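In: Provided below are the primary sequence and the corresponding predicted coordinates.
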Number of protein chains: 2
Amino acid sequence: MSDTPPCCPPPRDPIDGMPDDAIADAEFAALAKALGHPARVRILRLLVRKNACICGDIVDELPLAQSTVSQHLKILKDAGLVRGEIDGPRTCYCVEPAALRRLSALLDALSGCAGASRPAGEKAKEE
Amino acid sequence: MSDTPPCCPPPRDPIDGMPDDAIADAEFAALAKALGHPARVRILRLLVRKNACICGDIVDELPLAQSTVSQHLKILKDAGLVRGEIDGPRTCYCVEPAALRRLSALLDALSGCAGASRPAGEKAKEE
DNA sequence: GTCGCTCATCGTCGATGAACGATATACCCC
DNA sequence: GGGGTATATCGTTCATCGACGATGAGCGAC
């Protein structure tokens, strides 16, 4: 918790009519959903611990079939939490620290807006 | 992995033969799964913003049926992210800050342990 | 070229999730 | 006690997830 930016992050890119909160909700939910399975958390932990890992090593570490692990890796990659680089016949996976930081920031924004600082003038969207 | 850097939280209650990492994985995954739906993130944000909220207000705020919202609230409550107090004929929900802090700690432990076991001193906190 | 290895994708099956309407329960007010 | 409101739960339907084995595609070694 070093330099905590102002409570709520600035508005992101407006997609259509969605308020930025809804965008943040969707983004947060997508990241959380990708981490909503113990195997995927474990994969992420493995990658963090070794900084990078061959897919085969991950398969070797988990009690799951290779295709299942590949599926989980795809989900993590689609969520942007992990990056895969093809290295010859194998694929080297590594975590995407920015995604973890982003998730942490979203979580801070979610819980931080409550107890930490209570701005007197809430922004829009209120009743 | 024998040495426990100051970053990683102390071991939790050992359930059966599970290593504490597996427990943390399961706990993290359970919390993340509960937040893996935009409606639930939105509910949590609502509760955080108003600090507490009657179920009816939440139903009023979301484009979902009352039963669906109740289901989402149950999921959040089962995950320990939310607490519901029966207040006369209605139910008043409020966030459980400890759960959010716990999630934040688990997330830090996940991404932070990388920096700890890495020789480099990057704490991944700067933007 | 061919073989062997590594990984991704496909197809399938059972389990779970998400949504709804209908119904049951608890409470306050009269 | 009866009526009205607020919430939880039940049962159903459709979509998605999680797991697997089998197959296909890319690459290095021979």
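Out: Received it, and whenever you're ready, just let me know what you need.

In: so what's A:Phe28 up against?
Out: Residues near A:Phe28 by Cβ atoms under 8 Å, 6 or more residues apart in numbering or on different chains: A:103, A:106-107, A:110, B:35, B:41. Where you see a C-beta, it was placed from the backbone N, CA and C, and this is true even at glycine.

In: can you do 10 Å?
Out: Counting by Cβ atoms under 10 Å, 6 or more residues apart in numbering or on different chains, A:Phe28 touches A:102-103, A:105-107, A:109-110, B:35-36, B:38, B:40-42, B:44-45.

In: What helix or strand is it located in?
Out: helix A:20-34 (DSSP states H and E).

In: Equivalent analysis for A:Cys94, please.
Out: strand A:90-95.

In: Output the contacting helices and strands for that strand.
Out: Packed against strand A:90-95 by the contact rule (3 or more Cβ pairs under 10 Å, 6 or more residues apart in numbering or on different chains; DSSP states H and E) you find helix A:38-50, strand A:53-54, helix A:55-61, helix A:66-78, strand A:82-87, helix B:97-117.

In: what distance separates the longest one from the centre of its chain?
Out: What that stands for is helix B:97-117. 11 Å (Cα atoms, centre = their mean, to the nearest Å).

In: could you say what helices and strands that helix packs with?
Out: Counting by 3+ Cβ pairs under 10 Å, 6+ apart, helix B:97-117 packs on helix A:38-50, strand A:90-95, helix A:97-112, helix B:20-34, helix B:38-50, strand B:82-87.

In: let's go with 8 Å and repeat that
Out: helix A:38-50, helix A:97-112, helix B:20-34 (3 or more Cβ pairs under 8 Å, 6 or more residues apart in numbering or on different chains; DSSP states H and E).

In: cool, the fifth one as well?
Out: Counting contacts by 3+ Cβ pairs under 8 Å, 6+ apart, strand A:82-87 is packed against helix A:38-50, helix A:66-78, strand A:90-95.

In: got the buried residues for stretch A:94-111?
Out: A:95-96, A:99-111 (16 or more other Cβ atoms under 10 Å in any protein chain shown).

In: nearest to A:Ala79, of the residues you listed?
Out: A:Ala99 (7.3 Å; Cβ to Cβ).

In: In contact with the closest one, which residues?
Out: Per Cβ under 8 Å, 6+ apart, neighbours of A:Ala99: A:31, A:79-81.

In: number of nearby residues for the residue in chain A that DNA strand D sits nearest to?
Out: Per Cβ to the nearest atom of the strand, A:Ser67 is where chain A lies closest to DNA strand D, at 3.1 Å. The tally of other residues near A:Ser67 (other Cβ atoms under 10 Å in any protein chain shown) stands at 9.

In: Ok, the one 10 residues further on next?
Out: Burial of A:Lys77 is recorded as 15 neighbouring residues (other Cβ under 10 Å).

In: That one and A:Ala32: what is the separation?
Out: 16 Å (Cβ to Cβ, to the nearest Å).

In: Show me which of the contacts of A:Phe28 is closest to DNA strand C.
Out: Of the contacts of A:Phe28, the one sitting nearest to DNA strand C (Cβ to the nearest atom of the strand) turns out to be B:Gly36, at 6.2 Å.

In: In what element of secondary structure is that closest one found?
Out: Here B:Gly36 is assigned to no helix or strand, by DSSP H and E.

In: Return the residues in contact with it.
Out: A:29, A:32-36.
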